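S.K.: got a structure for you, letters missing:
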């Protein structure tokens, strides 16, 4: 057994163990911290699967931003856990469910093992059409060219999620801002961290977005990093979350999918098909669309984490 | 055993684990965590499919990779909506559970003009 | 870029398909951006256009006798994404394009924006309503299983907040439960898709249908995807989330949720079994689905009989009526297959209109009386005759009495099940009809007798008219000409019609 294989098996075991901890741990907070670790380990697994774009996304969004969301929630829900597990299943129903899950896992494992070593693949077609898009990263080409429709609709899904989260505010807070107000004297450690990390992070985020055309990276990963920087600055209370009725906020949220949609319609007019690119203009169009996607993602993710508005809008600022 | 098959088996195990957590654990926050574990297991299954689709000089089929990226973003959005609901429930009632009989109002109540 | 191979006319017609999806998506985005009163105005500006697009799609499909196909971005599957409109897609698209604006017209009173200050519930409602319509268009027209996954998520994220829109704790709890069931459904659906991609290298429905064989990966994928979609469709025993969610949502939202949203995931079950998995021997799975459907009919109707609140009764009735939809699955092969398919589609359509009408009526009743207790409905029918007429006509369709679309649906399904020798489904349908009569009698009998009730406020004529119009559409479906039934068969794979 080579070193790499041993590492793989160790990694697999570790991932499973941490996931089991996440499911079976006693306290919600502990389980959530376990989840963040689990996500980082998963990113390593993705690298071993040679899917670096996915590894970046898993680290940034799957583990990072989701982790912030869940840790924040777990912290606020600590009070609710002192209740006994009133509805916790015991005995026969629990065994039945466990048996069912084991069955599903085994069936899945069996089918996975039965997959031939090299199956049908769309890689040849993806590579064949790559020159038309002017891109060097086939994953970006799939996301923004071949399956652009999926990606555009997924941006709409993100915006609708923000609307859904905002709709859970109390009526009197509508239009106000989520989170806490800016602090007069922010906590020094957090403030220092934010002041050092944020400018660096912004540069890294923009770089990863830009480089994603030809190397692993892209709008989602870059946007997630920018989102994280904004979240750090807000968590350090150096700045406060914007009012949800602010036009610039809504414009930033909607810009990504809107530009993508308009580009799609433009494709119908100038290239004969919705979401097609005129030959020769593919790469600049793609980068243009991605730039707005980065903006929207960088704004949507922190808004989803911040939650519904919890502070009243000032009367003189109503829409 | 290749790393891809290993990842696929881990994915299957994660799906089973996550499914158990989603159904059996009574607290909504733990269900959301379990949903994320299960989702990442499903993505790993896509991952092994992608790895087995290595061709044309690429170590991994880019189409399933793009699907996983989309899926990760959607799963985060779902978690955010679910967390917002749980927190709102907790704010309103001081409890974060879903026991069914807690919310069925007696006849007539809760049916005020909307 | 691959050159378009179809003649220009076909491309022009096919362009309607992405338009049907992009218009409501654009509306949702602009409503959020412009906010305030403009959110509602944008919705009402676009809804007629969306109805026109839906009608145009139906006309084009009818004229050509073939499904409309469109390769988005110019890349053909398996690399790209295709949209496809067959007969079933077209009728569902038109139905959604009719019910959504109806619910919107009804909701103008509840979700108005007085003055210039943006309010929470209206902004959320108009944005999410358009989101629902966009998601449904995507589901009805999508030709790629992953694209349909995105559509399912869009639908869930738009529908769940509608449930919790008035902010009461029980609605938040109901919305959370709905979301958890829906997420369970999405993950299972996605897992099944992963297995299908692993086996065949594509998620395009047409390509899969041509390549699929009965192997373990396919059976597991079919089971997983179906289980996931059943959770979203609230088929027994995964129906627990539906009654509290639909009963406690605002009336216009309930109309859309019961009438349209659950039909979306049902549509995908049909796509899966009748298109993607058509070559599979589907006797046992079909029987299982119909068995669950029968249980839904009996349990749902029985529970509806026991309800004390009108909106909960209507919600449990949805649980029961969803069961009828699944009776078409064991009847998919044989000379009776066309009847069974038409019956299932008719049930989907007539239930959509009837249930939307009933929820809107129930909303009017609750607003006018100040409550929706069935025990307190004495004489209400005499005070609000138009509203109760709408309720009654919708109920007629649910019971399956002529003349109504529900009757046509049950007639077709019964005919098919008797021809196939599967009598049990016919018996279940008869029992279901009786039970539906029972719970409707509970509501209508006291309402139409006794002293005229005192109303807190009279219902607006226009809103009663909307409810009545929907109920009349449910009835009018009974008069569909034979060409309607052959229209529904456009795009059906020939295998499902041939005798096996």
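M.R.: Alright, I've got the coordinates. Keep in mind it's a predicted model, so treat the numbers as computed, not measured.

S.K.: so where is the stretch 51-200 of chain A shaky, pLDDT-wise?
M.R.: A:80-90 (pLDDT under 70).

S.K.: quick check, the residue in it closest to chain C?
M.R.: The stretch 51-200 of chain A approaches chain C most closely through residue A:120 (2.7 Å), counting by C-beta to the nearest C-beta. Quick note: C-beta positions are derived from backbone N, CA and C, even for glycine.

S.K.: with adjacent residues omitted, what lies nearest to that residue?
M.R.: Ranked by C-beta to C-beta, 6 or more residues apart in numbering or on different chains and with sequence neighbours excluded, the top spatial neighbour of residue A:120 is residue C:201, at 2.7 Å.

S.K.: where's residue 20, which helix or strand?
M.R.: Let's take chain A. Applying DSSP states H and E as the criterion places residue A:20 in helix A:3-24.

S.K.: you answered for a different chain; I wanted chain C.
M.R.: Per DSSP H and E: residue C:20 is located in helix C:16-34.

S.K.: does that helix come close to chain A?
M.R.: Yes - using C-beta under 8 Å from any C-beta of the partner chain, helix C:16-34 reaches chain A at C:18, C:21-22, C:25-26, C:28-30, C:32-33.

S.K.: now the helices for the stretch 51-200 of chain A?
M.R.: A:52-57, A:66-76, A:91-114, A:123-128, A:130-133, A:138-141, A:148-166, A:188-211 (DSSP state H, counting those that start in this stretch).

S.K.: hang on, the earlier thing: ok, the helix holding residue C:20 near chain B or not?
M.R.: No - using C-beta under 8 Å from any C-beta, helix C:16-34 never reaches chain B; the gap is at least 14.7 Å.

S.K.: also stretch C:264-279?
M.R.: No - using C-beta under 8 Å from any C-beta, stretch C:264-279 stays clear of chain B, coming no nearer than 15.9 Å.

S.K.: so that stretch, near chain A or not?
M.R.: No - using C-beta under 8 Å from any C-beta, stretch C:264-279 stays clear of chain A, coming no nearer than 14.5 Å.

S.K.: over to stretch C:176-188?
M.R.: No - remark: stretch C:176-188 sits outside contact range of chain A, by C-beta under 8 Å from any C-beta, the gap being at least 9.2 Å.

S.K.: then stretch C:140-159?
M.R.: Yes - judged by C-beta under 8 Å from any C-beta, stretch C:140-159 comes into contact with chain A through C:146-147, C:150-151, C:153-154, C:157-158.

S.K.: so which of those residues are also by chain B?
M.R.: Near chain B, by the rule C-beta under 8 Å from any C-beta, you find C:146, C:150, C:153, C:157 out of the residues of stretch C:140-159 next to chain A.

S.K.: out of those residues, who has the most neighbours?
M.R.: Compared across those, residue C:157 has the highest neighbour count, 30 neighbours, by other C-beta atoms under 10 Å in any protein chain shown.

S.K.: now do the helices in the stretch 401-500 of chain C.
M.R.: Using DSSP H, counting those that start in this stretch, the helices of the stretch 401-500 of chain C run over C:405-419, C:423-447, C:461-476, C:482-488.

S.K.: what's the closest of those to residue C:280?
M.R.: Residue C:280 sits nearest to helix C:405-419 of all those, at 19.8 Å, using C-beta to C-beta.

S.K.: and that closest one, what other elements does it pack with?
M.R.: Packing contacts for helix C:405-419, counted by 3 or more C-beta pairs under 8 Å, 6 or more residues apart in numbering or on different chains; DSSP states H and E, involve helix C:310-325, helix C:337-369, helix C:385-399, helix C:423-447, helix C:461-476.

S.K.: could you redo the last one with a cut-off of 7 Å?
M.R.: Secondary-structure packing of helix C:405-419 (3 or more C-beta pairs under 7 Å, 6 or more residues apart in numbering or on different chains; DSSP states H and E): helix C:337-369, helix C:385-399, helix C:423-447.

S.K.: just these: most buried one?
M.R.: helix C:337-369 (a mean of 28; mean count of other C-beta atoms under 10 Å in any protein chain shown).

S.K.: does the helix or strand following that helix come close to chain B?
M.R.: Next helix or strand after helix C:337-369 toward the C-terminus (DSSP H and E): helix C:380-383. No - counting by C-beta under 7 Å from any C-beta of the partner chain, chain B is not contacted by helix C:380-383; separation bottoms out at 13.6 Å.

S.K.: ok so, going back, buried residues in the helix holding residue A:20?
M.R.: A:8, A:11-12, A:14-16, A:18-23 (16 or more other C-beta atoms under 10 Å in any protein chain shown).

S.K.: adding pLDDT and distance to chain C, write the residues you listed out as CSV.
M.R.: Output for the buried residues of helix A:3-24, formatted as CSV (pLDDT from 0 to 100; distance: C-beta to the nearest C-beta, whole Å):
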residue, pLDDT, distance to chain C
A:8, 90, 20
A:11, 93, 21
A:12, 93, 19
A:14, 95, 23
A:15, 95, 18
A:16, 95, 18
A:18, 96, 20
A:19, 95, 15
A:20, 95, 18
A:21, 94, 21
A:22, 93, 16
A:23, 93, 15
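
S.K.: distance to residue A:157 for the residues you listed - can I get that in CSV?
M.R.: What follows is the buried residues of helix A:3-24, written out as CSV (distance: C-beta to C-beta, whole Å):
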residue, distance to residue A:157
A:8, 34
A:11, 32
A:12, 32
A:14, 32
A:15, 28
A:16, 30
A:18, 29
A:19, 26
A:20, 31
A:21, 31
A:22, 25
A:23, 27
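
S.K.: which of these sits closest to residue C:391?
M.R.: Using C-beta to C-beta, the buried residues of helix A:3-24 come closest to residue C:391 at residue A:23, 47.0 Å.

S.K.: does the closest one really touch residue B:19, like I thought?
M.R.: No - with contact defined as C-beta atoms under 7 Å, residue A:23 does not count as touching residue B:19 (9.8 Å).

S.K.: residue contacts, residue 49?
M.R.: All of this is about chain A. Going by C-beta atoms under 7 Å, 6 or more residues apart in numbering or on different chains, residue A:49 touches B:3-4, B:7, B:47, B:51, B:60.

S.K.: could you do chain C instead?
M.R.: Counting by C-beta under 7 Å, 6+ apart, residue C:49 has contacts residue C:23.

S.K.: pLDDT of stretch C:291-304, averaged?
M.R.: Mean pLDDT, stretch C:291-304: 94.

S.K.: how distant is that stretch from the center of its chain?
M.R.: Centroid displacement of stretch C:291-304 relative to its chain, using C-alpha atoms, centre = their mean, to the nearest Å, is 18 Å.

S.K.: with stretch B:43-50 instead?
M.R.: Once both centres are worked out by C-alpha atoms, centre = their mean, stretch B:43-50 turns out to sit 16 Å from its chain's centre.

S.K.: what does it contact?
M.R.: With contact meaning C-beta under 7 Å, 6+ apart, stretch B:43-50 is reached by A:46, A:49, A:51, A:112, B:4-5, B:7-8, B:10-11, B:14, B:60-61, B:64-65, B:67-68, B:71-72, C:191, C:194, C:197-198.

S.K.: can you tell me the closest non-neighbouring residue to the residue of the stretch 1-150 of chain C found nearest chain B?
M.R.: Nearest residue of the stretch 1-150 of chain C to chain B: residue C:146, at 5.4 Å (C-beta to the nearest C-beta). Leaving aside its sequence neighbours, residue C:146 sits nearest to residue C:203 (C-beta to C-beta, 6+ apart; 5.0 Å).

S.K.: report the central residue of chain B.
M.R.: Residue closest to the mean C-alpha point of chain B, counted by C-alpha atoms, centre = their mean, is residue B:35 at 2.6 Å.

S.K.: do the same with chain A
M.R.: Central residue of chain A (C-alpha atoms, centre = their mean): residue A:61, 3.3 Å from the mean position.

S.K.: contacting residues around that one?
M.R.: Contacts of residue A:61 were listed using C-beta under 7 Å, 6+ apart, and they are A:220, A:224, B:72-73, B:76.

S.K.: not counting its neighbours along the chain, what's nearest it?
M.R.: Using C-beta to C-beta, 6+ apart and skipping residues adjacent in sequence, the residue nearest residue A:61 is residue A:224, 4.9 Å away.
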